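Student: need a 3D model of the following:
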Amino acid sequence: MKKITATGQSVEEAVNSALAQLNSTRDRVEIEIEDEGKKGFLGLFGARQAIVHVTLPADPVEESLKFLQDITRKMGVKSEIRVQRQGKNVTFHLSSEKIALLIGKRGQTLNSLQYLTQLVANRYSKQFLNVIVDAEDYRNRRTDTLIQLAERMANKSLKTGKIVALEPMPSYERKVIHKALLHYPKIKTTSNGTEPYRHLVITPVK
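Tutor: The predicted structure follows:
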């Protein structure tokens with residue numbers, strides 16, 4: 001967060017001065033007027049300059065990027081991070097020669113990075129941001145794996161007539177499986193347990 005106190009012959013002039021110093025635009029800042037100023041008699045006698053305080057809040061995406069850069073560096077991984085933003089959705093694409101260290105077993109490290117990065121982003125954001133941290137397209141590959149797992153376990157449940165419980169997964173991975181099995185009319189999927197051990201259960205419907 002940056003804060004500038006600026007003066008001018010008018011409030012508008014003072015605000016524009018502050019915006020120039022902050023290299024920002026009016027829609028990104030918070031403006032507090034301390035003194036609206038006074039022109040004075042004939043513009044000379046008793047004149048008083050306007051005083052404003054202009055604050056530029058920290059950018060949630062920039063803060064999240066700094067966090068990711070810092071934590072990957074502390075993990076001993078030199079990485080490149082590309083940011084993609086679409087409305088409330090922000091994706092950080094990581095690439096590195098040591099990408100496996102950032103992904104971890106079954107994506108556990110990547111999931112943790114994503115969770116922490118989302119906390120950082122929403123600490124600075126006025127609206128909720130949905131953050132995705134990806135590593136060399138791991139998320140798409142993981143989605144394909146989850147869909148195959150879902151279909152395999154659904155067929156197993158239908159064949160045996162028994163309930164099948166899957167391993168604990170983060171909520172968005174459970175949603176992938178829920179969605180993948182929507183076209184199985186004789187299968188019901190539910191989530192059981194509490195985070196971080198919440199898991200999905202596949203139940204055959206008689």
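Student: burial of residue 156, as a residue count?
Tutor: Using other C-beta atoms under 10 Å, residue 156 has 13 neighbouring residues. Bear in mind the C-beta positions are built from the backbone N, C-alpha and C, glycine included.
Student: what does residue 39 give?
Tutor: Counted with other C-beta under 10 Å, the neighbours of residue 39 add up to 13.
Student: list the contacts of it.
Tutor: Contact partners of residue 39, counting by C-beta atoms under 8 Å, 6 or more residues apart in numbering, are 9, 47.
Student: what about the most centrally placed residue in the chain, which SS state?
Tutor: Compute the mean C-alpha point of the chain, and by C-alpha atoms, centre = their mean the closest residue is residue 131, 2.6 Å away. Reduced to three states with DSSP: H, G, I helix; E, B strand; the rest coil, the structure at residue 131 is strand.
Student: and stretch 61-72, what's buried?
Tutor: 61, 63, 64, 65, 67, 68, 71, 72 (16 or more other C-beta atoms under 10 Å).
Student: and the helix or strand hosting the fifth one, what does it pack against?
Tutor: Residue 67 is part of helix 60-74 when elements are defined by DSSP states H and E. If contacts are counted by 3 or more C-beta pairs under 8 Å, 6 or more residues apart in numbering; DSSP states H and E, helix 60-74 sits against strand 79-86, strand 89-96, helix 108-124.
Student: among these, which comes closest to residue 145?
Tutor: helix 108-124 (13.7 Å; C-beta to C-beta).
Student: run through who's touching that closest one.
Tutor: With C-beta under 8 Å, 6+ apart, helix 108-124 has contacts from 57-61, 63-64, 67-68, 71-72, 90, 92, 101-104, 128-135, 138, 170.
Student: and which of the buried residues of stretch 61-72 is nearest to residue 84?
Tutor: residue 61 (10.1 Å).
Student: which residue comes closest to that closest one once chain neighbours are left out?
Tutor: Distances taken as C-beta to C-beta, 6 or more residues apart in numbering place residue 90 nearest to residue 61, at 5.8 Å, with adjacent residues excluded.
Student: tell me the bridge partners for that neighbour.
Tutor: Going by DSSP bridges, residue 90 is paired in beta bridges with residue 85, residue 131.
Student: list the contacts for it?
Tutor: Shown in contact with residue 90 (C-beta under 8 Å, 6+ apart): 61, 64, 83, 84, 121, 129, 130, 131, 132.
Student: for the first one, give me its contacts.
Tutor: With contacts defined as C-beta under 8 Å, 6+ apart, residue 61 is in contact with 83, 85, 90, 121, 129.
Student: quick check: it vs residue 22, distance?
Tutor: Residue 61 sits 17 Å away from residue 22, going by C-beta to C-beta, to the nearest Å.
Student: please apply the same query to residue 170.
Tutor: Residue 170 is 38 Å from residue 22, by C-beta to C-beta.
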